[in-house]
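[1] I would like to see how this sequence folds:
(chains A and B)
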Protein chains: 2
Amino acid sequence: MSEVRRGPYAKTAERRQQILDAALQVFASRGYQAGSMREVARVANIQLSTLMHHFNSKEDLLLALLERRDADSPGQRTGTGDLIADVLSQARWNQTIPELIALYTVLSADSITDGHPGRDYFTERFTTVRRGFQEEFEKLRDAGRLRSGVDPRLAAGCITALWDGIQLQWLLQPDEIDVVAYLKAFLELITHPAEGTVSYQG
Amino acid sequence: MSEVRRGPYAKTAERRQQILDAALQVFASRGYQAGSMREVARVANIQLSTLMHHFNSKEDLLLALLERRDADSPGQRTGTGDLIADVLSQARWNQTIPELIALYTVLSADSITDGHPGRDYFTERFTTVRRGFQEEFEKLRDAGRLRSGVDPRLAAGCITALWDGIQLQWLLQPDEIDVVAYLKAFLELITHPAEGTVSYQG
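    Below is the predicted model:
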């Protein structure tokens, strides 16, 4: 790609990021259903026509925002084998981005409403996240680190649900609710510590 | 109260229930922020002015709906001592009222958005529910039925969060997600069975 062409591409990418930042702000504070393209344009400080040039519809904007959320995630669950440390690290990172967690929380619940464009996204996401945890719990089981009697499939659904639910309570009472402590308690409940490990730092 | 006066009172109560049924339908399918008083009146098949006579504002309507939800709950957590059976019984009952669970799920997440009138309600509700579970887990601990190392406070937050989170997944995939099985798995994980009990029926 030549220097000549890089300019406008970079500009478009930058503009898209600026719009997505505005959309995040609008949807996280008002909800997706109540937020409008007009308001996103206002917050982004651009004309509605400019917004529509980059995103045809509110649905486009939502899906781009959800994709960016996934891409931005630090991806710390890399299968290094230390699942608990990875989960707690991700949970700590989430605490630094309350707007994004708020958006995710509002949208995932909103997605059960009639004709919501995010419904397929969240259905697939939950299925994928549950499956990922199940595989990781199966690995722990094979390594003799899963507590006897723990079903990897049920434990996977439990941690996925628990994580979402406790983030909602944290968003309502950030000073009261320590997300990491709850996830740590659950994970320690279903596992044996790794050899040579005394405890995980919360 | 005389027969003469009972008529209009009963009529008012009936009309209020009719309006609340319509509001439940509107808010559960569109979300609270996007649902309008006009739409509630339309679904209830009454004039907007009649609706406003019974409920001054959308906030009034929401709070009445949340109060009715609490009043309608079967209240099976009666402290009979069999917490697990009570929780699973309530979870089974919830599966018969998907609209109400959908409303609760959407509203509780919506409540984190700016200036949402349900925020105090949900903050208090979560605090109360967590405290209630904590007390029940402490009783189980005192009866020697809590697994060693389980912290009643953390376990209380975990089950409250898990229950909400798994209901959301169930609303997206009712045929895939068995709420009762996940709650049962968690409760069995943190407790020892009662004497003479082989297992709880899921």
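[2] how's chain A carved up into domains?
    A:1-66, A:73-202 (automatic domain parsing).
[3] could you export these as CSV, including mean pLDDT and distance to chain B?
    For every residue, glycine as well, the C-beta is placed using N, CA and C. As requested, these are exported to CSV (pLDDT from 0 to 100; distance: least, CB to the nearest CB, whole Å):
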stretch, mean pLDDT, distance to chain B
domain A:1-66, 85, 4
domain A:73-202, 88, 3
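[4] between those, which one is closest to residue B:114.
    Comparing these against residue B:114 with CB to CB, the closest turns out to be domain A:1-66 (4.5 Å).
[5] before we move on, back to that, could you say which of the domains of chain A is packed most deeply?
    Of those, the one with the most neighbours on average (mean count of other CB atoms under 10 Å in any protein chain shown) is domain A:73-202, at a mean of 18.
[6] who does the biggest helix by length in chain A touch, helix- and strand-wise?
    For chain A, the helix that runs over the most residues, judged by DSSP state H, is helix A:3-30. With contacts defined as 3 or more CB pairs under 8 Å, 6 or more residues apart in numbering or on different chains; DSSP states H and E, helix A:3-30 has these neighbours: helix A:37-44, helix A:48-54, helix A:58-72, helix A:98-110.
[7] now the helix or strand following the last one against helix A:58-72, angle please.
    Sequence-wise, the next helix or strand beyond helix A:98-110 is helix A:119-142, with elements assigned using DSSP states H and E. Here helix A:119-142 points in a direction 20 degrees away from that of helix A:58-72 (axes from the mean of the first three to the mean of the last three CA atoms, to 10 degrees).
[8] check which helices and strands helix A:119-142 sits against.
    helix A:83-94, helix A:152-172, helix B:152-172.
[9] how about the contacts made by the closest residue in space to residue A:104 that isn't next to it in sequence?
    Of all residues not flanking residue A:104 in the chain, residue A:69 sits nearest, at 6.6 Å (CB to CB, 6 or more residues apart in numbering or on different chains). By CB atoms under 8 Å, 6 or more residues apart in numbering or on different chains, residue A:69 lies in contact with A:100, A:103, A:104.
[10] what's the spacing between residue A:69 and chain B?
    The spacing between residue A:69 and chain B, counted by CB to the nearest CB, to the nearest Å, is 16 Å.
[11] who touches stretch A:55-62?
    Outside stretch A:55-62, the residues that reach it (CB under 8 Å, 6+ apart) are A:19-20, A:23, A:27, A:32, A:35-37, A:40, A:64, A:107, A:117-118.
[12] can you rerun that using 7 Å?
    Residues from elsewhere that reach stretch A:55-62 (CB atoms under 7 Å, 6 or more residues apart in numbering or on different chains): A:19, A:23, A:32, A:37, A:40, A:64, A:117, A:118.
[13] between these, which sits nearest residue A:193?
    Nearest to residue A:193 among these, with distances taken as CB to CB, is residue A:118, at 38.6 Å.
[14] spit out the contact partners of the closest one.
    Residues near residue A:118 by CB under 7 Å, 6+ apart: A:62, A:66, A:107, A:110, A:111.
[15] which residue packs closest to the second one, ignoring adjacent ones?
    If you skip the residues right next to it in sequence, residue A:66 has residue A:121 as its closest partner in space, 5.5 Å away by CB to CB, 6+ apart.
[16] correct me if wrong: the one you found contacts residue A:64.
    No: using CB atoms under 7 Å, residue A:121 is not in contact with residue A:64; the gap is 11.3 Å.
[17] before we move on, the earlier item: got a pLDDT number for the residue nearest to residue A:104?
    pLDDT recorded at residue A:69 is 77.
[18] ok, residue A:168 to residue A:192 distance?
    Distance of residue A:168 to residue A:192, given as CB to CB, to the nearest Å: 30 Å.
[19] again but with residue A:137, I slipped
    13 Å.
[20] over to residue A:33?
    45 Å.
[21] same deal with residue A:105?
    32 Å.
[22] only C-alpha atoms, please: export stretch A:20-30 in PDB.
    As requested, the backbone C-alpha atoms of stretch A:20-30 are provided in PDB (Å, rounded to 0.1, in the frame of the first residue of the first chain):
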ATOM      1  CA  LEU A  20     -17.800   4.000  17.800                       C
ATOM      2  CA  ASP A  21     -16.600   5.800  20.900                       C
ATOM      3  CA  ALA A  22     -19.600   8.100  20.600                       C
ATOM      4  CA  ALA A  23     -21.900   5.100  20.100                       C
ATOM      5  CA  LEU A  24     -20.500   3.400  23.100                       C
ATOM      6  CA  GLN A  25     -21.200   6.500  25.200                       C
ATOM      7  CA  VAL A  26     -24.800   6.800  23.900                       C
ATOM      8  CA  PHE A  27     -25.800   3.100  24.100                       C
ATOM      9  CA  ALA A  28     -24.100   2.500  27.500                       C
ATOM     10  CA  SER A  29     -25.800   5.500  29.000                       C
ATOM     11  CA  ARG A  30     -29.200   5.300  27.300                       C
END
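[23] list the contacts of it.
    Outside stretch A:20-30, the residues that touch it by CB under 7 Å, 6+ apart are A:35, A:39-40, A:43-44, A:61, A:64-65, A:68, A:99-100, A:102-103, A:106-107, B:33, B:113-114.
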